[in-house]
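1. just the structure for this:
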Amino acid sequence: MKDIQNHKDHRNIDINQVGVKGIRYPITVLDKDMGEQQTVARINMYVNLPRYYKGTHMSRFVELLNEHSRRISLQSFSEILEEMKERLNAESAHMEVTFPYFINKAAPVTGAEGLMEYECTYKGALSEASDLMIIIRVPISTLCPCSKEISDFGAHNQRGEVRLEVRFKKFVWIEDLIRLIENSASSDVYSVLKREDEKHVTERAYQNPMFVEDIVREVALKVNNDPNITWFAVGAENFESIHNHNAYAYVEKYKKGKKG
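-> Down below sits the predicted model:
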């Protein structure tokens, strides 16, 4: 049968990324407390396509996933990217794996437990060198310092979200990054809270007011002091409770020459 993809294309245009997007697939990720966690990921896989080829072989991406069935992890990323390059005769390969990660989180006073969901992404690229990144979205709670200062009664608070992206030298635990972010907010977000817990959470937030500027600076300070992290970007967004807009702040840093 004719291989149409390998026919020559005469438009003389290289394609940076071509492949498959939005594949739903079961994966296994390491869990710091339980050893492993099974979850379902949304996967994107791309390679570059030189100007002289008409198309790539889309089925080979899915075949490669099936060969690594349930063994897609942070540790196997580079291996899969290398196989993508070889299988598709490409100079560069890219893969993004986004999945829900669950942590059994206890309420601060009663200890009532409930599962918290965090969105995580492993993002990798391989050309002449490899590049691997972890991206985590963590829900938080903030209380406005300005509102607390000017109000006679209480202060407005709201839920928000922090998005942290990191590049690193060696393995990074998802749980450690989540904890770092939660420790940088006015208060954590929980799935189960009794009345005693609600009292504790609201009072803690009131005693720890923060703007989005405070959040990104606190996270940046902690990540910058970690010699394992070589680059980071952190963004905080407050879903404002009394404004018709959201508040946002962002910090990015490449820690060139930082010694561990």
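
2. doesn't Phe77 make contact with Lys123?
-> No - applying Cβ atoms under 8 Å as the test, Lys123 and Phe77 come out as separate, 9.1 Å apart. (Glycine included, C-beta is placed from N, CA and C.)

3. common neighbours of these two, please.
-> Met95, Leu132 (Cβ atoms under 8 Å, 6 or more residues apart in numbering).

4. before we move on, which element is the residue nearest to the spatial centre of the chain in?
-> The centroid of the chain falls nearest to Ile135 when counting by Cα atoms, centre = their mean (2.0 Å). Using DSSP states H and E, Ile135 sits in strand 130-143.

5. can you give the distance of that strand from its chain's centre?
-> With Cα atoms, centre = their mean, to the nearest Å as the basis, strand 130-143 stands 5 Å off its chain's centre.

6. check stretch 217-234 too.
-> In terms of Cα atoms, centre = their mean, the centre of stretch 217-234 is set 15 Å apart from its chain centre.

7. also stretch 53-71?
-> When distances are taken as Cα atoms, centre = their mean, stretch 53-71 is centred 24 Å away from the chain's centroid.

8. list the buried residues for it?
-> Of all the residues in stretch 53-71, those buried under the rule 16 or more other Cβ atoms under 10 Å are Tyr53, Thr56, Arg60, Phe61, Leu64, Leu65.

9. dump that stretch to CSV, restricted to CA.
-> The C-alpha trace of stretch 53-71 is given here as CSV (Å, rounded to 0.1, in the frame of the first residue of the first chain):
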residue,chain,number,x,y,z
TYR,A,53,7.5,15.1,4.1
LYS,A,54,3.8,15.4,3.5
GLY,A,55,2.7,14.0,6.9
THR,A,56,3.6,12.0,10.0
HIS,A,57,2.3,8.6,11.0
MET,A,58,-0.3,9.3,13.7
SER,A,59,-0.9,5.7,14.6
ARG,A,60,2.7,5.2,15.8
PHE,A,61,2.1,7.6,18.7
VAL,A,62,-0.8,5.5,20.0
GLU,A,63,1.2,2.3,19.4
LEU,A,64,4.0,3.7,21.5
LEU,A,65,1.6,4.5,24.3
ASN,A,66,0.3,1.0,24.2
GLU,A,67,3.8,-0.5,24.4
HIS,A,68,4.3,1.6,27.6
SER,A,69,0.9,0.7,29.0
ARG,A,70,0.6,2.0,32.6
ARG,A,71,4.4,2.6,32.7
